[in-house]
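1. Fold the following, please.
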Amino acid sequence: MPIQAIEPKRLYRQIADQLRELIRSGEYAVGTRLPAERDLASQLGVSRPSVREALIALEVEGLVEVRGGSGIHILAREPAASARQVAPNAFGPFEIIRARQLIEGELAELAAQRMSPAQLGGLREALALFGDDIQRGTIPIEGDRMFHLRIAEAADNGPLLRVVTELFDERNSPLFEQLGQHFEAPDSWRLALAEHQAVVDAIAAGKPQAAGDAMRRHLQRSHDRFADAWPQPRATAAA
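-> A predicted model of the protein is given here:
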């Protein structure tokens, strides 16, 4: 067999592979629970966000189910036949957010210097769409996407716009979608809308540093919301 190139695996994939093998071998039996996220991070010598990405990948495969307030329950020894596939080279959600923070912070600064009144109106239109979707109880993905892309468009740089578009559209990946099921809700959407408004206010005022800081702060808070404690089950009202 010819020698094949060795491709480095993302850290969360290495963690997922190790946990998957422990489940497959019976070290962690179906019907039991994995150790707590913080304990796994300590045992593996990695960060909790990396463990979280690995657990989300295993959940997409149907091997585990993360139950807020209850733990990580093992459902099967082998991936479900109907499970969505995570590409071997897929970036983890936290890595993508950090990349966006670097790029889009700079683009927000440029937007504060270059954005025309018409473009600013389009940015406010994106905010309005975002808010309307929240009112309807709909995931505000369309307004969110429009907001970030319209800021990128103000730089008048095609390659940068492509990068921002591709990074944002990673939200459609199985990992991001599964993570969102745990952590995205109307309360988090409203927080994001207020953070978007702060970016728009700084751009409208022509303050590049403030606009960049507001964008970086928004994406850091997005990162932190996904990295926060698993949501607890809601209390059942008394009969």
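
2. Can you pull the poorly scored residue ranges out of this structure?
-> Within the chain, the ranges that satisfy pLDDT under 70 run 1-8, 231-239.

3. Select the longest helix from it.
-> helix 93-114 (DSSP state H).

4. Can you name the next helix or strand after that helix?
-> helix 117-136 (DSSP states H and E).

5. Not counting the helix or strand just after that next one itself, show me its contacts.
-> With elements assigned by DSSP H and E, the helix or strand that comes after helix 117-136 is helix 141-153. For helix 141-153, the external contacting residues (CB atoms under 8 Å, 6 or more residues apart in numbering) are 100, 104, 107-108, 111, 115, 119, 122-123, 125-133, 160-161, 164-165, 168-169, 171, 192, 196, 199, 203, 215. Placement of C-beta: from N, CA and C, glycine included.

6. picking up where we left off before, buried ones in the longest helix of the chain, by neighbour count?
-> Neighbour-count burial for helix 93-114, counted by 16 or more other CB atoms under 10 Å, picks out 93-97, 99-101, 103-112.

7. and if you look at stretch 26-38?
-> The neighbour-count check on stretch 26-38 (16+ other CB under 10 Å) flags 28, 34, 37 as buried.

8. Now distance to Ser50 and secondary structure too, for the residues you listed, in CSV please.
-> Listed next are the buried residues of stretch 26-38 as CSV, based on distance: CB to CB, whole Å; DSSP: H, G, I helix; E, B strand; the rest coil:
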residue, distance to Ser50, secondary structure
Tyr28, 19, coil
Leu34, 15, coil
Glu37, 10, helix
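
9. So for the chain, the centremost residue is which one?
-> Centrality entry for the chain: nearest residue to the mean C-alpha point is Pro93, 4.3 Å, by CA atoms, centre = their mean.

10. residues contacting that one?
-> 53, 56, 170, 173, 175-176, 179, 226.

11. Output those as TSV; include the columns distance to Val64, neighbour count and secondary structure.
-> Shown next, in TSV, are these (distance: CB to CB, whole Å; neighbours: other CB atoms under 10 Å; DSSP: H, G, I helix; E, B strand; the rest coil):
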residue	distance to Val64	neighbour count	secondary structure
Glu53	13	26	helix
Ile56	9	27	helix
Glu170	22	18	helix
Ser173	18	19	coil
Leu175	14	24	helix
Phe176	18	21	helix
Leu179	14	24	helix
Phe226	18	21	helix
